[in-house]
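Chemist: the following block contains a protein sequence and its predicted model.
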Amino acid sequence: RPSADGLDLVAPLSIAEWTRAFYAEAKAHPHFVEAHSGPGDVVFVPRGWWHCVVNQDAFTVAVTHNFCSPRGLSSTLGLLRQSPHLVSGLVR
């Protein structure tokens, strides 16, 4: 559920709980997309898309990178200035 300002998201369920409880319902949605990736594959998730990742192999390495295009830079910087709690990896 999103926070009052819509920036933070709290997921009260683990991925396993969500899968057991809501997967069938989500899969029935007409815009549901499911993909299975393999070694060397790259998955692009468009901005604003809600998504869930389930690693099914015993050993999995995932690398996440957020890209900000020149077109979206101004709004992204504004968001980060307004909500510094959303930025990780900085010593404050």
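Modeler: Nice, thanks for sending it over. As the structure is a prediction and not an experimental result, all values here were calculated from the model. Numbering: from 1, shown residues only.
Chemist: assign a three-state SS to the residue nearest to the spatial centre of the chain, would you?
Modeler: In the chain, the C-alpha nearest the mean C-alpha coordinate belongs to residue 51, at 5.1 Å (Cα atoms, centre = their mean). Here residue 51 is recorded as coil under DSSP: H, G, I helix; E, B strand; the rest coil.
Chemist: which stretch of helix or strand covers the residue lying closest to it once chain neighbours are set aside?
Modeler: Nearest residue to residue 51, sequence neighbours excluded (Cβ to Cβ, 6 or more residues apart in numbering): residue 45, at 5.1 Å. In this view, the C-beta of every residue, glycine as well, is placed from N, C-alpha and C. For residue 45, there is no host helix or strand (DSSP states H and E).
Chemist: correct me, but residue 45 touches residue 64?
Modeler: No - with contacts counted by Cβ atoms under 8 Å, residue 45 stays clear of residue 64, the gap being 9.3 Å.
Chemist: between the two, tell me which one has more neighbours.
Modeler: residue 45 (12 against 6; other Cβ atoms under 10 Å).
Chemist: let me know the pLDDT of the more buried one.
Modeler: Here the pLDDT value assigned to residue 45 is 85.
Chemist: how near is the residue nearest to residue 51 to residue 85?
Modeler: 23 Å (Cβ to Cβ, to the nearest Å).
Chemist: quick one: neighbours of residue 25, just the number.
Modeler: Neighbours around residue 25, by other Cβ under 10 Å: 9.
Chemist: secondary structure element for it?
Modeler: Assigned by DSSP H and E, residue 25 falls in helix 15-27.
Chemist: ok, then the element right after that helix?
Modeler: Using DSSP H and E, the helix or strand that follows helix 15-27 in sequence is helix 73-82.
Chemist: buried ones in that next one?
Modeler: Residues of helix 73-82 classed as buried by neighbour count (16 or more other Cβ atoms under 10 Å): none.
Chemist: for the record, mean pLDDT for it?
Modeler: Here helix 73-82 scores 86 as its mean pLDDT.
Chemist: try stretch 32-42
Modeler: Stretch 32-42 comes out at a mean pLDDT of 88.
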